[in-house]
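Peer 1: 3D, please:
(one chain, ligands or ions: 3)
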Amino acid sequence: MLQYTMDGTYLRNGPGLWDLGDYGFRHLFDGYATLVRVSFRDGHAVGAHRQIESEAYKAARQHGKVCYREFSEVPKPDSFKSLVGQLASLFSGNSLTDNSNTGVVRLGDGRVLCLTETVKGSIVVDPDTLDTMSKFEYEDKLGGLIHSAHPIVTDTEFWTLIPDLIRPGYVVARMDAGSNERQFVGRVDCRGGPAPGWVHSFPVTENYVVVPEMPLRYCAANLLRAEPTPLYKFQWHLESGSYMHVMCKASGKIVASVEVPPFVTFHFINAYEEKDEEGRVTAIIADCCEHNADTSILDNLRLHNLRAFTGEDVLTDARVGRFRIPLDGSPFGELEAALDPEEHGRGMDMCSINPAHLGKEYRYAYACGARRPCNFPNTLTKIDLVEKTAKNWYEEGAVPSEPYFVARPGAVEEDDGVAISMVSAKDGSGYALVLDAKTFKEIARAKFPYGLPYGLHCCWVPRDK
Ligand SMILES: CC(=O)/C=C/C=C(C)/C=C/C1=C(C)CCCC1(C)C
Ligand SMILES: CC(/C=C/C=O)=C\C=C\C=O
Ligand SMILES: [Fe+2]
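Peer 2: Numbering: from 1, shown residues only. Ligands and ions are numbered 1, 2, ... in the order given. The predicted structure is shown next:
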């Protein structure tokens, strides 16, 4: 039993529509954005779902075909556009999708924003009606066609990374709550080439922004290709090295840039400053869902693979990767598993934390793990980074989405609250699952009258805020 009444709306975004007529999409990340809402009030839960009305979605519905460049799908060249024309529309951004199918965040001023990797795919929605309200226009001169799909959002600010594919590097920018104007904070030049590493997400501490440089790098040639490669728009450049850069939020200066072992991650979990007895910052600790430097996870997320579970254990191993980035000028950083990956079945992705610990020392992370054999993360796991243990929730045949932590109003303890996940049950039905974040035991489930597609990231909109 919950000792309090949850009062607010859980929103989940994700690529929920993967078919146009007879044509089925290829990859999980291609689907058109579907928003799901579960509103909690007086001990009841009310649900709804709706497609986001992006230009890409509307055009696809109208013409019955893909009209913009999605993650792996590209429009068929029946418009006889010349290569030059295609190039021009790619570099102007015209042909890129605005299908904001990845994240949903509540900005400090109350607006609810859906996001993806393309800057134009920033769309404001109404959390009650799930209406598509407007494009979020960035009113600045920073430009950029792509950015991190996971900005860092607090009640007062918004931090983002804008990769620069022409002069390989990243622009770090911040935006005040209530504003649409990003401000340039600083720039990181890549240390390896030929292009910046994919930055689906990045972590911050109280005083620093951490800019990861993965050997999984954007690839201009693959951006243009009509047929996808196994790494889609990316390429693996092991020889180019892997780096972690640390930028001071206040000055934009780079205070550390270290080489680290190779890594593959979509999602950073959190980061914080390690201090000595005198309170001096000695290092940055940054945690992520790390796929053992194996890029095959990207191709494993093809829909054909996800729909064809044969009982064989084919999910590649993942762990909580913990970086230690020294600030004493040494050239190398460390990367190790924060706990034995067996604790969470060697599956690890789709994480959340208590937002009160963002950028600060923390103990708990919530994520999807694995009960093997499986071809996709199929458990919910609560990771204790101090005890180095995990508590796991599992139901046979069920596929749960990101366990999203929501603190109890007035909570003091880090795990005082709930973790909410939308689960697709073995029989195809769907329900919202509420776990007690402390015990990781089920408190409630609210069944949807129909099955729901898989989905990705979430946010919480408290009532009257
Ligand atoms: C859903 C998810 O996690 C990731 C979605 C990624 C997308 C939609 C990536 C799109 C891209 C383009 C349309 C062209 C430019 C490169 C890239 C950012 C991969
Ligand atoms: C669903 C997923 C990875 C699962 C594998 O372990 C990654 C999603 C990334 C995009 O937000
Ligand atoms: Fe993501």
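
Peer 1: Quick one: find the helix or strand in the chain with the lowest mean pLDDT.
Peer 2: helix 83-92 (a mean of 71; mean pLDDT, DSSP states H and E).

Peer 1: helices or strands up against that helix?
Peer 2: helix 220-224 (3 or more C-beta pairs under 8 Å, 6 or more residues apart in numbering; DSSP states H and E). (Glycine included, C-beta is placed from N, CA and C.)

Peer 1: What distance do you get for the spatially closest residue to S424 that is not a sequence neighbour to ligand 2?
Peer 2: Closest residue to S424 apart from its sequence neighbours, by C-beta to C-beta, 6 or more residues apart in numbering: V399 at 4.6 Å. From V399 across to ligand 2, the span is 10 Å (C-beta to the nearest ligand atom, to the nearest Å).

Peer 1: And V399, how close does it get to ligand 1?
Peer 2: Counting by C-beta to the nearest ligand atom, the separation of V399 from ligand 1 is 16 Å.

Peer 1: Please apply the same query to T154.
Peer 2: Note on T154: its distance to ligand 1, by C-beta to the nearest ligand atom, is 22 Å.

Peer 1: State the phi and psi torsions of that residue.
Peer 2: phi -130, psi -180 (degrees, to the nearest 10).

Peer 1: per-residue confidence at it?
Peer 2: Note for T154: predicted pLDDT of 98.

Peer 1: Same question for K81.
Peer 2: pLDDT recorded at K81 is 60.

Peer 1: same thing with Q51?
Peer 2: In this prediction, Q51 carries a pLDDT score of 98.

Peer 1: what sits against it?
Peer 2: Counting by C-beta atoms under 8 Å, 6 or more residues apart in numbering, Q51 touches 16-17, 32-35, 57.

Peer 1: want to throw the residues you listed into JSON lines with distance to ligand 1, pLDDT and secondary structure?
Peer 2: Shown next, in JSON lines, are those (distance: C-beta to the nearest ligand atom, whole Å; pLDDT from 0 to 100; DSSP: H, G, I helix; E, B strand; the rest coil):
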{"residue": "G16", "distance to ligand 1": "11", "pLDDT": "97", "secondary structure": "strand"}
{"residue": "L17", "distance to ligand 1": "13", "pLDDT": "98", "secondary structure": "strand"}
{"residue": "Y32", "distance to ligand 1": "11", "pLDDT": "98", "secondary structure": "strand"}
{"residue": "A33", "distance to ligand 1": "9", "pLDDT": "98", "secondary structure": "strand"}
{"residue": "T34", "distance to ligand 1": "12", "pLDDT": "98", "secondary structure": "strand"}
{"residue": "L35", "distance to ligand 1": "14", "pLDDT": "98", "secondary structure": "strand"}
{"residue": "Y57", "distance to ligand 1": "13", "pLDDT": "98", "secondary structure": "helix"}
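
Peer 1: Considering those, which possesses the most neighbours?
Peer 2: In terms of neighbour count, A33 stands highest of the contacts of Q51 at 32 neighbours, by other C-beta atoms under 10 Å.

Peer 1: Which residues are in contact with that residue?
Peer 2: So A33 contacts 13-16, 51-52, 54, 57, 99-101, 114, 116 (C-beta under 8 Å, 6+ apart).

Peer 1: same deal with P212?
Peer 2: Taking C-beta under 8 Å, 6+ apart as the definition, contacts of P212 comprise 197, 199, 202, 243-245, 263, 265, 268, 286, 288.

Peer 1: Show me which positions of the least confident helix or strand of the chain end up buried.
Peer 2: For helix 83-92, burial by neighbour count (16 or more other C-beta atoms under 10 Å) applies to 86, 89-90.

Peer 1: That helix near ligand 1 at all?
Peer 2: No. Applying C-beta under 6 Å from any ligand atom, one finds helix 83-92 out of contact with ligand 1, separated by at least 8.2 Å.

Peer 1: Tell me where the stretch 151-300 of the chain has helices.
Peer 2: For the stretch 151-300 of the chain, the helices defined by DSSP state H, counting those that start in this stretch occupy 220-224, 296-300.

Peer 1: quick one: which of these is nearest L435?
Peer 2: Closest of the helices of the stretch 151-300 of the chain to L435 is helix 296-300, at 25.5 Å (criterion: C-beta to C-beta).

Peer 1: thought the residue nearest to S424 was touching Y454?
Peer 2: Yes. V399 lies in contact with Y454 (C-beta atoms under 8 Å); the separation is 6.3 Å.

Peer 1: pLDDT weak spots in the stretch 351-465 of the chain?
Peer 2: The stretch 351-465 of the chain contains residues with pLDDT under 70 at 465.

Peer 1: Could you list the residues of it in contact with ligand 2?
Peer 2: Applying C-beta under 6 Å from any ligand atom, one finds that the stretch 351-465 of the chain approaches ligand 2 through 377, 456.

Peer 1: what would the buried residues of helix 83-92 look like in JSON lines with distance to ligand 2?
Peer 2: Shown next, in JSON lines, are the buried residues of helix 83-92 (distance: C-beta to the nearest ligand atom, whole Å):
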{"residue": "Q86", "distance to ligand 2": "27"}
{"residue": "S89", "distance to ligand 2": "26"}
{"residue": "L90", "distance to ligand 2": "23"}
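
Peer 1: need those in JSON lines with distance to Y362, can you?
Peer 2: Converted to JSON lines, the buried residues of helix 83-92 look like this (distance: C-beta to C-beta, whole Å):
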{"residue": "Q86", "distance to Y362": "46"}
{"residue": "S89", "distance to Y362": "44"}
{"residue": "L90", "distance to Y362": "40"}
